[in-house]
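Asks: give the three-dimensional model of this entry:
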Amino acid sequence: MPIVADIDVMLAKRKMPVGMLAERVGITPANLAVLKNGRAKAVRFTTLAALCEVLKCQPGDLLRWEPGNPEDGVPPAGNNAEPLARGRHSSTELVPDPADPSDRRWLAEFQRSPSP
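Replies: Down below sits the predicted model:
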């Protein structure tokens, strides 16, 4: 997958155990393992913000982009890369968090807007 999570690197720099990070962020150790091991399809901004707050870092310290691997079925970006079709949704998109007031406002506005 082209997005790589470097959570382990930040944990090592901060000398923090995985369980402590999960507890402070407010997610289960199993969900943190999914993020750490690159198996997550999406991550909420609220979760990313909590990780950054606890680890005292920036999102770019936790996530980085690497060119696609043909074995992963993800084409590398470049001149021949096809643009994403507008209006399509994939499982890797960010998911609005209904508990987050700013996400609730966006979701309400999105639901009011007419369909194309």
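Asks: where exactly do the strands run in the chain?
Replies: 3-5, 63-65 (DSSP state E).
Asks: what packs against the first one?
Replies: The criterion is 3 or more CB pairs under 8 Å, 6 or more residues apart in numbering; DSSP states H and E, and the helices and strands that strand 3-5 contacts are strand 63-65. In short, each C-beta sits where N, CA and C put it, glycine included.
Asks: list the buried ones in the strand it packs on?
Replies: residue 63 (16 or more other CB atoms under 10 Å).
Asks: which neighbours does that strand have in its sheet, and in what orientation?
Replies: Partner strands and pairing direction for strand 63-65 (DSSP bridges) are strand 3-5 (antiparallel).
Asks: using CSV, lay out the strands of the chain together with mean pLDDT and distance to residue 44.
Replies: Shown next, in CSV, are those (pLDDT from 0 to 100; distance: least, CB to CB, whole Å):
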stretch, mean pLDDT, distance to residue 44
strand 3-5, 92, 14
strand 63-65, 93, 13
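Asks: out of the ones you listed, flag the one nearest residue 38.
Replies: Closest approach to residue 38 among the strands of the chain is made by strand 3-5 (5.6 Å; CB to CB).
Asks: okay, the strands of the chain in CSV with distance to residue 112 next?
Replies: CSV is the format used below for the strands of the chain (distance: least, CB to CB, whole Å):
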stretch, distance to residue 112
strand 3-5, 31
strand 63-65, 32
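Asks: nearest to residue 19, out of the ones you listed?
Replies: Nearest of the strands of the chain to residue 19, taken as CB to CB: strand 3-5 at 17.5 Å.
Asks: what's next to that closest one, contact-wise?
Replies: 35, 36, 37, 38, 40, 62, 63, 64, 65, 66 (CB atoms under 8 Å, 6 or more residues apart in numbering).
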